[in-house]
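Asker: coords please:
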Amino acid sequence: MSGGGEVISFHPEFEGERFIWDRCVWDSGLPELLRRSRAVILPQTVARELYFLCRRCAPAVFPNYDCRFRWEGKTGDTLLFWQHGAPHPGTLIFPRVESMVGEHPEMGLNVELPPFPLVLKARYGGEGGGTWLVEDDARLRQLLSGLERREWQGERGFVVQEYIPGTGRDLRVTVIGEQLFSYWRVNPNAFHHNLARNGVVDRDADPDLQRRGRALVRDFCRQTGINLAGFDLIFPPDGREPMFLEINYTFGRSGLGGGEGYRALLRAAVEEWLETT
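Answerer: Numbers count the residues shown, from 1 in each chain. Predicted coordinates for the structure are as follows:
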């Protein structure tokens, strides 16, 4: 990478030319230090405030988390898919529980939900947490009570999504820098395919479909600038095009060779980025 200044790393896997622990005390000299840098490397756990300070002050930042922090959670994923015309199951966003139950007299909106079973997703959740297959109205109302409690804690918004049955798997496509890696997460007898919920990795099945999935993700990343994330895609058995389910900015590493394998891939991506930025 051309230009003066230091490579500053907040990522514990990279020393850079200056390492700063992202959880240390920040002081008023940090913005000027970032302005004098030639690049900044951040961890996946970076705080929103530090990220945008780096983006404002530093000439180059890895990873690009603009979309992560502008379009947060499952509701944000959906808005981003809508903005870019990305294929995804039919989805409704509810800003509050009252948006569904119609408690406010001025709402004047009768919402037509997808037929049961449907998928309900809280705004935040990982490894299948906060995502439910809802079989009937009684279960939906039970889950809405839980979402109301989340609202009291400041977590607002959720999505209701069309359920696409008969897949038994989804495709995880992970982008690390300029490289994409894909594998199936398979769990034929369960709603969740997450590896943390007994899903298994299949790297070899249906290579043509995997190529289609990677191409779809690559195009989306070129539009959005995302360069470190795991995308979950589903291939409907009725022949419709592959669809995005969600974006994971902190993602499991089991399918990438574990922690050691992931760190090697990340290091190669950062080195390539430094050479070409």
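
Asker: residues in contact with Leu228?
Answerer: 44, 62-65, 175-177, 249, 266, 269 (C-beta atoms under 8 Å, 6 or more residues apart in numbering). C-beta: built from backbone N, CA, C; applies to glycine.

Asker: show me where the stretch 51-200 of the chain has strands.
Answerer: In the stretch 51-200 of the chain, the strands defined using DSSP state E, counting those that start in this stretch lie at 61-62, 91-94, 118-122, 131-134, 158-162, 169-176, 179-186, 200-202.

Asker: Looking at those, spot the one closest to Arg212.
Answerer: Closest to Arg212 of the strands of the stretch 51-200 of the chain is strand 169-176 (C-beta to C-beta; 9.1 Å).

Asker: Sheet-wise, list the partners of that closest one with their directions.
Answerer: If you go by DSSP bridges, strand 169-176 pairs up with strand 179-186 (antiparallel), strand 228-234 (antiparallel).

Asker: Dump the C-alpha coordinates for the last one into CSV.
Answerer: When you say that, I think you mean strand 228-234. Extracted C-alpha coordinates of strand 228-234, given in CSV (Å, rounded to 0.1, in the frame of the first residue of the first chain):
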residue,chain,number,x,y,z
LEU,A,228,-16.3,-9.8,6.0
ALA,A,229,-19.6,-11.7,6.7
GLY,A,230,-21.4,-15.0,6.5
PHE,A,231,-24.5,-15.1,4.2
ASP,A,232,-27.2,-17.8,4.6
LEU,A,233,-29.0,-18.7,1.4
ILE,A,234,-31.8,-21.1,0.6
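
Asker: Now the element after it, going C-ward?
Answerer: Next in sequence after strand 228-234, counting helices and strands by DSSP states H and E, comes strand 243-248.

Asker: picking that back up, and the contacts of Leu228, which are buried?
Answerer: For these, a burial check counting by 16 or more other C-beta atoms under 10 Å picks out 62-65, 175-177, 249, 266, 269.

Asker: how close does Leu33 sit to Asn198?
Answerer: Distance of Leu33 to Asn198, computed by C-beta to C-beta, to the nearest Å: 46 Å.

Asker: How about Val160?
Answerer: From Val160 to Asn198 the distance is 26 Å (C-beta to C-beta).

Asker: Wait, a helix at Arg267?
Answerer: Yes - the assignment for Arg267 by DSSP: H, G, I helix; E, B strand; the rest coil puts it in a helix.

Asker: can you pull the contacts of the closest residue to it other than its chain neighbours?
Answerer: Once flanking residues are discounted, Arg267 sits nearest to Glu13: 6.9 Å by C-beta to C-beta, 6 or more residues apart in numbering. By C-beta under 8 Å, 6+ apart, the residues touching Glu13 are 263, 266-267.

Asker: pLDDT score for Glu13?
Answerer: We have a pLDDT of 93 for Glu13.

Asker: Regarding it, what is its secondary structure?
Answerer: Per three-state DSSP, the local secondary structure of Glu13 is coil.

Asker: Deepest-packed of the strands paired with strand 169-176, please.
Answerer: For the strands paired with strand 169-176, average neighbour numbers computed from mean count of other C-beta atoms under 10 Å are highest in strand 228-234, which has a mean of 22.
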